[in-house]
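[1] I'd like to go over a predicted model; first the sequence, then the structure.
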Amino acid sequence: MAQAVADPITRTPRPSYGRPAQVVATLSAREWVRFLRQKNRVFGAIGQPAVFWLLFGAGLGPTFRLPGTEATGLSYREYFFPGTVMLILLFTAIFTTISVIEDRREGFLQSVLVAPVSRWSMVLGKLVGGGALALAQGLIFLAFGVTIGIAFTPLSVLLAVVFLAICALALTALGFVFAWGTDSTQGYHAVMSVVLFPMWLLSGAFFPAEKGWLAWVLAVNPLTYGVAGLRRLLYLGVDNPPLPPGLPSMATCWGVTLLFAAVTFALSVYVAGRPSRGDLV
């Protein structure tokens, strides 16, 4: 991965940085190898959100009435579907970035940090591997959209894949930031319960909020625009689509999601360059 080159001053050999593409490919492939050896992770990432979707759809469906969608007959199961896809991305990102804590405990992370590779390529390798896993599992569930009457088109599928890939990268990077400063999986699960899961809950995935303080929370939550963007893409080209009122525009959703991914990636590179001295430090 690295080659020795002569120092121009001391004339002694020193290691040079490995090729970033090779570093990214190696670390992302490692995430897939780990995943294939732990197939039960699929049940955790897809199974629980799918159960939520089925049970909440059956329980809340008879009483769900969203103003402005009476003509389209939007069911709760159909309303909850984009949020369930995003929940799968979030759960997979959480399960994947737990490996940061495990790698630190097993000593693998220390060996990577002292290797002659650029820090950003190491971070990107972890994020690409985790994001690809999240995207793959999200697309598996996305196919179930045909069971609730969503008519996919080649263009809507292509744009949805690109959009979900950006969301998956952003969520994996966010999980990386929290995992890097956490010393135990128990502490990371606490962060998930207090920060990450409520972030999804207050994104318009589970319930809409048009007025009051909840509407302000949804407006500043970057995941809101991920859910809204996927919701719009599912009905791309459909006349009179069953969309909730006040939904952000597609351009806004793309812009905020790209900014979210860029900021979380920058934060990941930043925290990876700082020593971790304890939980969330």
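    Happy to help now that I have it.

[2] part of a strand, is Phe152?
    No. Counting by DSSP: H, G, I helix; E, B strand; the rest coil, Phe152 is not found in a strand; it is coil.

[3] Ile101 is in contact with Asp183, correct?
    Yes. Taking C-beta atoms under 8 Å as the definition, Asp183 is a contact partner of Ile101 at 7.2 Å. Every C-beta, even on glycine, is put in place using the N, C-alpha and C of the backbone.

[4] The stretch 101-250 of the chain: strands as residue ranges?
    Along the stretch 101-250 of the chain, counting by DSSP state E, counting those that start in this stretch, no stretch forms strands.

[5] What are the buried residues along the top helix by length along the chain?
    If you go by DSSP state H, the chain has its longest helix at helix 76-106. Buried residues in helix 76-106, counted by 16 or more other C-beta atoms under 10 Å: 76-101, 103-104.

[6] now swap in stretch 140-159 and tell me
    Quick answer for stretch 140-159 (16+ other C-beta under 10 Å): 141-142, 145, 150, 156-157, 159.

[7] That one spans what distance, first to last residue?
    16 Å (C-alpha to C-alpha, to the nearest Å).

[8] Identify all contacting residues around that stretch.
    Contact with stretch 140-159 is made by 46, 49-50, 75, 77-78, 81, 84-85, 88, 160, 164, 233-238, as judged by C-beta atoms under 8 Å, 6 or more residues apart in numbering.

[9] now do 6 Å
    Stretch 140-159 is touched from outside by 46, 77-78, 85, 88, 233-234, 236-237, with contacts defined as C-beta atoms under 6 Å, 6 or more residues apart in numbering.

[10] ditto for stretch 248-258
    Contacts of stretch 248-258 (C-beta under 6 Å, 6+ apart): 166, 222, 225-226, 228-229, 232.

[11] now those: which count as buried?
    166, 222, 225-226, 228-229, 232.

[12] tell me which of these is nearest to Leu214?
    Ala228 (15.1 Å; C-beta to C-beta).

[13] quick one: contacts for that closest one?
    Residues in contact with Ala228 (C-beta under 6 Å, 6+ apart) are 247-248, 253.

[14] pLDDT score for Lys39?
    What the model reports for Lys39 is a pLDDT of 65.

[15] same thing with Gly145?
    With respect to pLDDT, Gly145 scores 86.

[16] ok, so what distance separates it from Asn221?
    Gly145 is 24 Å from Asn221, where distance means C-beta to C-beta, to the nearest Å.

[17] Leu36 too?
    34 Å.
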